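Asker: heads up, no residue letters with this:
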């Protein structure tokens, strides 16, 4: 009679284990997907300056938010031109869809141009590529015979804009016509933070 009782006990243990295992797996998935999204964002926004993006596991914090979402916060570092740069980050992970959103990161003491260190840009919908494409279109309209246009990805920086918008500034060089010397220019795109729509583009040569 003992064998059936042991079999029942083992079955009960087997049935009760999956929810805990599932929760642990969801937490692992949330951490992994969010850190992948943050690393991609760091490399996209910092360009060649960002190498070897790493995360500090002991600083990671997960917390449930609304619905199926899990919030992930933590710290990391990347190797820049002048050494390692520490940053904090936050991200939301949807356990139902596996999607990430609300990716935000901030360098420690590395906010350029006097930007308020308390400001943390939401990079979910901000696309440097879209800004550069819009800038190139503006330059082509200004110089119909334009030759080459080159953007310096390491010059990008984010700034708070009016009406809760986000501005992206950078530098580049433009050949106003084939055969001419390239001249430097600066550009600035203003995005609607909530959806990534570009509301204005300005260039200055």
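Answerer: That came through fine. Worth saying up front: this structure is predicted, and the values here are computed from it rather than measured.

Asker: Every contact and neighbour count from this point should use C-alpha atoms.
Answerer: OK.

Asker: so the residue minimising distance to the centre of the chain is in which element?
Answerer: Against the mean C-alpha coordinate of the chain, by CA atoms, centre = their mean, the closest residue is residue 41 at 2.9 Å. According to DSSP states H and E, residue 41 maps onto helix 2-46.

Asker: next helix or strand past that helix?
Answerer: Next element after helix 2-46 (DSSP H and E): strand 51-55.

Asker: contacts for that next one?
Answerer: Residues outside strand 51-55 that contact it (CA atoms under 8 Å, 6 or more residues apart in numbering): 35, 39, 42, 43, 74, 75, 76, 77, 78, 79, 80.

Asker: Show me which of those are buried.
Answerer: 35, 39, 42, 43, 74, 75, 76, 77, 78, 79, 80 (16 or more other CA atoms under 10 Å).

Asker: Just checking, which of the residues you listed comes out lowest on pLDDT?
Answerer: Lowest in pLDDT among the buried ones among the contacts of strand 51-55 is residue 80, which has 68.

Asker: From the opening residue of stretch 52-59 to its closing one, how far?
Answerer: End-to-end span of stretch 52-59 (CA to CA, to the nearest Å): 18 Å.

Asker: Over to stretch 180-195?
Answerer: OK, stretch 180-195 end separation, CA to CA: 38 Å.

Asker: Let me see the mean pLDDT of it.
Answerer: Here the average pLDDT along stretch 180-195 is 91.

Asker: Begin at 54, not 1, for the rest of this chat.
Answerer: Renumbered: residue one is now 54, and that last one reads stretch 233-248.

Asker: Quick check: buried residues in it?
Answerer: Quick answer for stretch 233-248 (16+ other CA under 10 Å): 235, 238, 239, 240, 241, 242, 243, 244, 245, 246.

Asker: do the same with stretch 82-89
Answerer: Neighbour-count burial for stretch 82-89 [16+ other CA under 10 Å]: 82, 83, 84, 86, 87, 88.

Asker: Fine by me, thanks again.
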